[in-house]
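Novice: Kindly return the folded structure for what I paste below:
(chains A, B and C)
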Amino acid sequence: MSTSSPANTTALDPILSADAIAARKPARFALAGKSIVTPILLVLILLAIAVVTTMIGSKPFNQVIIDLFVRVILVVGLYVFIGNSGVMSFGQIGFTCLGAYVAAWLTINPVMKKMSLPGLPDFILKAKMEYWQAAIFATIFAAVAALIFGRILMRLSGIAASIATFAMLAMINTIYSNWDRVTGATSSVVGIPIVRSIWPYFTAAGIVIFIAWLHAISRSGLALRAARDEPTAAAASGIDIPKERLVAFVISGAIMGAGGALTAHSIGVVTPDNFYLSLTFVTLSMLVVGGMGSLTGSVLGVVILSALIQALRFLEAGVPVGGSMLALPKGLQEIALGIIMIVILALRPSGLFGNRELTLTRNRSE
Amino acid sequence: MLQIVFDALSLGSLYALGALGIALIFGVMRLVNFAHGDVIAFSIFALLWPSTDAMAIVFAGNLPWFLLIPFVLAVGAGLSVLCEIVVFRRFRNTNPATMMIASFALGFVIRYFLLMLYSSRPKSISLLPILSQPVEILGARLPLLQLITIIVTIAILFGLVIFLRRTRFGLEMRAAAENFSMARMLGVRANRVIMGAFALSGALAGAIALIFGIQTGTADIQMGAAVMLMAFISTVIGGLGSLAGAVLAGFLLGAASVVMQVILPVDARPFRDAFVYGAVILVLLFRPQGLIAARGTKERV
Amino acid sequence: MTLLNLVDVSVRYGRLTAVRGVSINLKEGEVLFITGPNGAGKSSLLRAIAGVTPTAGGHVEFDGAEITGRTPEDIARLGFSMVPEGREVFGSLTIEENLMVGAGMHSRTPGWKGQTAADLDSVYNTFPILKERRNQQAGLLSGGQQQMLVIGRALMARPRLIAIDEPSLGLAPNITDQVYERLIALQAERSLTLLIVEQSSTRAVMVGGRMILMRSGQVVLDGDARELGNSEAMQAAYFGYEDH
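Specialist: Next comes the predicted model:
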């Protein structure tokens, strides 16, 4: 409902004021200087986790942390588009699917490939790459796909855009679930080399965090956030909203693709349903619980929810209490997780971090 | 030919009923309810005694039809209202993304609750087996159920139209769906209307559960998800908040799926759904506000 | 007798204060205009009274009962009928259905059917055009007709007080004249209390009654509309000359 409340008029002033525009360039460098603390702190937190993990040296725990880093990549990828544009997308995991299969295509032993995926073109059938080379191709492939889809989808906004991205995800899933000779349809594609060291995953997560930060303080990122908060004013001041959204969509798609390649190498198997609704919702939940509008929220949302999931799994496996094993019944873990998420959202509707970022000086709102 | 028409209509019926359940709730509280699919699954499992065995232990499923149907509808409505009271009431004024995620989390809770009680294996049940017999109409052999699905859907739609147009509560619901805060300023009780919408939506979920359960002969925790994806899409291309639009789009989507199944070359048939989703994107590009734009749902600045 | 009593009411949106400490006392049967420039907090005040926007401080009494923090539907049921800015008809409902929504709150009282029919007749008598188009969708009405419809709809609730936000917004002057003519006739006939928000004082001066001028969320002037009218104090206060 529109009111003649002064809220509208006052809120527009800072964006439109001539001073702010004139001062943009130096202001941006100042912004970079001040806000770089955030990605550095976030990477340090992840580094601490990685160091502790190597010190513990437990294999299952190692895998848990690898999963954590992969999730960080995916959720930061979501943040780049959803957080900055304010458009809810259900489709980004589609790019993860594309990336994962590119990694599978390029790294599986050619002899095996010929048997399981005979429909692949010759040059892919012969390829045998290192995991990191394949990951680069996966990233590029996903980015190109995001560019093509984005050109079409970014004309939409609001709920129509959300559902269109949903349709895109379902489309990718349908194709990959049925294209027998190229993707193996719904059966698992096996034989992807597994990378067990946590460091490649940590490095990738760190790079992705810095990319997300660079995008957020870039001209395009700032314009996109301005458009998210004040669409009318942003359009009036000449921001090409579809274009800025497309930029974020492609960067996000690339990150999701890289995340997909790493997912493939972390578990060694891919099926289309690994990259469908449940992964979409797990990652979206992490983003929303952490705080959609905040890079800190997206990284720490993953850390917090992952820790929670692990703790619940631990309880489900059973804890010795005075000689007998006390275990939660199966399924209770997910139920507890769901309830905890609802409670967090009810208490903090804009997520744990809202729009705030982690800095050394507290209370700086974006 | 007749077979195709009936296939399209019966598939469309399911989508339309699902879309209606979502549109009803969206109309009164701008919530895209992802838990709806799980309410469907819950309604069918309520007929079985909790057990993790592969064999279903039928419990309420043995009731005669005139008790069975109200039972399932009541379970759906009850669970849906419970969701409103326990969860969604606390999210009335939050943004749609948060509400959506909360509804997803709630669906997650319901799904795993079922999983805990019944295990993830689909269970075969036979409800009202007479309905699976074929009948012959105008030279085409059709399962009786298909016919009944279509008739029941049409009956439900008529009933709903009469309820919305002729009753005081229906009037308040339509007013609230169009402009919730104005309706409240005219003394329409918010809680009553929202609970009514949830009850109706839940009863529709129960209806889908019954039809689906009889059609497939199984109770599957995943069953809601399959219908829901298409139902969501129908709701949006129908014009979010427009009930007529949701129904229309549900039938169109059903028809599109069936027609594509027939006209696509054999090699492309497995990809049928991909073409349907592509068509959905196209429709959104040309009519982002949906086929029937509901008044009062345009984004308010 | 006091019908509406505002004591030190404030409204805040985030860090922004739209209404700061407004106190107004409105007697039964009184006509009060609240005027003031855009952003003075008039609409926010009205919405706060109606329970649509929460108050940040102070309290509101209606007919002797405290209504601060109560729901819009409860407040409406006490006899406070709000006609918000921008008319807000239910566009997909017919005109008669729109009117019936307004009457719904009394559906539990005995004799409701007969009374509603009588009320409907009286609204149709006041606004014959509505009767003519009773089965059409309200969204198809012109702006002036919509304004009549929302006033009629408010009347169907048998209110003690009608609060109207900018009835002249977007209407041609002669249509506005018609709307006001009917409004004042109704007021006299039913001893209604009227609370009208307008940006300019022109209408208040024409119609007469009491007038309050708001600026920056505060009451600046309060007095007889015709006396305040075009006085220099009014001009100065409206445009805020005293600041310079």
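Novice: Distance of the closest residue to C:D165 other than its chain neighbours relative to chain B?
Specialist: Leaving aside its chain neighbours, C:D165 sits nearest to C:E85 (3.9 Å; criterion: Cβ to Cβ, 6 or more residues apart in numbering or on different chains). C-beta here means a position set from N, CA and C on the backbone, and glycine is covered the same way. Note on C:E85: its distance to chain B, by Cβ to the nearest Cβ, to the nearest Å, is 11 Å.
Novice: got it, and A:T280?
Specialist: A:T280 is 10 Å from chain B, by Cβ to the nearest Cβ.
Novice: Wait, that residue touches A:F95, no?
Specialist: No: taking Cβ atoms under 8 Å as the definition, A:T280 is not a contact partner of A:F95, at 11.3 Å.
Novice: mind checking the longest helix of chain C?
Specialist: Counting residues, the longest helix found in chain C (DSSP state H) is helix C:173-190.
Novice: correction: chain A
Specialist: helix A:241-267.
Novice: Can that helix be said to contact chain B?
Specialist: No: Helix A:241-267 lies out of reach of chain B by Cβ under 8 Å from any Cβ of the partner chain, never closer than 12.3 Å.
Novice: show me the contacts for the nearest residue to A:Q133 once chain neighbours are set aside.
Specialist: Nearest non-adjacent residue to A:Q133, counting by Cβ to Cβ, 6+ apart: A:L106, 7.4 Å away. Residues counted as contacts of A:L106 (Cβ atoms under 8 Å, 6 or more residues apart in numbering or on different chains) are A:I124, A:A127, A:K128, A:M129, A:Q133, A:A134, A:F137, A:A138.
Novice: so the third one makes contact with A:T107?
Specialist: Yes: counting by Cβ under 8 Å, A:K128 sits close enough to A:T107 to count as a contact (7.1 Å).
Novice: Have a look at those two and say which one is more surrounded.
Specialist: A:T107 (25 against 14; other Cβ atoms under 10 Å in any protein chain shown).
Novice: any idea how far the worst-scoring helix or strand of chain C on mean pLDDT is from the chain center?
Specialist: Sorting the helices and strands of chain C by mean pLDDT, DSSP states H and E puts helix C:232-239 at the bottom, at a mean of 74. Offset of helix C:232-239 from its chain centre (Cα atoms, centre = their mean, to the nearest Å): 24 Å.
Novice: what's it packed up against?
Specialist: The contact analysis (3 or more Cβ pairs under 8 Å, 6 or more residues apart in numbering or on different chains; DSSP states H and E) places helix C:232-239 against strand C:210-215, strand C:218-224.
Novice: Poorly predicted segments of chain C, please.
Specialist: Per-residue confidence for chain C (pLDDT under 70) gives these ranges: C:240-244.
Novice: so of the contacts of A:L106, which ones are in helices?
Specialist: Checking these against DSSP H, those in helices are A:I124, A:Q133, A:A134, A:F137, A:A138.
Novice: So what's the residue count around A:T186?
Specialist: A:T186: 12 surrounding residues under other Cβ under 10 Å.
Novice: what do you get for C:T94?
Specialist: Residues near C:T94, counting by other Cβ under 10 Å, number 17.
Novice: elements contacting the longest helix of chain C?
Specialist: Contact here means 3+ Cβ pairs under 8 Å, 6+ apart; on that basis helix C:173-190 packs against helix C:112-126, helix C:143-156, helix C:202-207.
Novice: Phi, psi for the residue in chain C that chain A sits nearest to please.
Specialist: In chain C, the residue that lies nearest chain A is C:G39 (3.7 Å; Cβ to the nearest Cβ). The phi and psi values for C:G39, taken as degrees, to the nearest 10, are phi 80, psi 10.
Novice: hang on, the earlier thing: deepest of the helices and strands packed on helix C:173-190, which one?
Specialist: helix C:143-156 (a mean of 23; mean count of other Cβ atoms under 10 Å in any protein chain shown).
Novice: Could I get the full set of helices for the stretch 151-300 of chain B?
Specialist: B:168-178, B:180-185, B:190-216, B:223-237, B:243-263, B:272-286 (DSSP state H, counting those that start in this stretch).
Novice: any idea which of these is most buried?
Specialist: Highest mean neighbour count of these: helix B:223-237, a mean of 26 (counted as mean count of other Cβ under 10 Å).
Novice: How far does it sit from its chain's centre?
Specialist: Counting by Cα atoms, centre = their mean, helix B:223-237 is centred 8 Å from the centre of its parent chain.
Novice: Dump it to CSV, keeping only the CA atoms.
Specialist: Only the C-alpha atoms of helix B:223-237 are listed here, as CSV (Å, rounded to 0.1, in the frame of the first residue of the first chain):
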residue,chain,number,x,y,z
MET,B,223,4.6,-38.3,-4.4
GLY,B,224,3.8,-34.7,-3.4
ALA,B,225,7.0,-33.3,-5.0
ALA,B,226,6.2,-34.5,-8.5
VAL,B,227,2.8,-32.8,-8.6
MET,B,228,3.9,-29.8,-6.7
LEU,B,229,6.6,-28.7,-9.1
MET,B,230,4.1,-28.4,-11.9
ALA,B,231,1.5,-27.0,-9.6
PHE,B,232,3.9,-24.2,-8.6
ILE,B,233,4.5,-23.4,-12.2
SER,B,234,0.8,-23.4,-12.9
THR,B,235,0.2,-21.0,-10.1
VAL,B,236,2.7,-18.5,-11.4
ILE,B,237,1.9,-18.7,-15.1
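Novice: is it anywhere near chain A?
Specialist: Yes: Helix B:223-237 is in contact with chain A by Cβ under 8 Å from any Cβ, via B:A225, B:L229, B:F232, B:I233, B:V236, B:I237.
Novice: what angle sits between that helix and helix B:272-286?
Specialist: 30 degrees (axes from the mean of the first three to the mean of the last three Cα atoms, to 10 degrees).
Novice: State the mean pLDDT of helix B:223-237.
Specialist: Regarding helix B:223-237, the rounded mean pLDDT is 83.
Novice: Who are the packing partners of that helix?
Specialist: For helix B:223-237, the elements it packs on are helix A:158-178, helix B:2-29, helix B:36-45, helix B:190-216, helix B:243-263, helix B:272-286, judged by 3+ Cβ pairs under 8 Å, 6+ apart.
Novice: residues from the stretch 51-200 of chain B in reach of chain C?
Specialist: B:168, B:171-172, B:174-175, B:178-179, B:181-190.
Novice: Also near chain A: which of those, exactly?
Specialist: Under the cut-off given by Cβ under 8 Å from any Cβ, chain A has B:S181 from those close to it.
Novice: so what's the residue nearest to A:V102 when sequence neighbours are not counted up against?
Specialist: Leaving aside its sequence neighbours, A:V102 sits nearest to A:A138 (Cβ to Cβ, 6+ apart; 4.0 Å). Residues counted as contacts of A:A138 (Cβ under 8 Å, 6+ apart) are A:L98, A:G99, A:A100, A:V102, A:A103, A:L106, A:G257, A:A258, A:G260, A:A261.
Novice: change it to 10 Å
Specialist: A:95-96, A:98-107, A:131, A:254, A:256-262, A:264 (Cβ atoms under 10 Å, 6 or more residues apart in numbering or on different chains).
Novice: In three-state terms, label the residue nearest to C:D165 for me.
Specialist: coil (DSSP: H, G, I helix; E, B strand; the rest coil).
Novice: returning to that earlier point: as a markdown table, the helices and strands packed on helix B:223-237 with mean pLDDT would be great.
Specialist: Below are those laid out as a markdown table (pLDDT from 0 to 100):
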| stretch | mean pLDDT |
| --- | --- |
| helix A:158-178 | 90 |
| helix B:2-29 | 89 |
| helix B:36-45 | 92 |
| helix B:190-216 | 91 |
| helix B:243-263 | 90 |
| helix B:272-286 | 87 |
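Novice: For burial, what's the neighbour tally of the residue in the stretch 101-250 of chain A positioned nearest to chain C?
Specialist: Closest residue of the stretch 101-250 of chain A to chain C, Cβ to the nearest Cβ: A:D229 (12.5 Å). Using other Cβ under 10 Å, A:D229 has 14 other residues around it.
Novice: Fine by me, we can end here.
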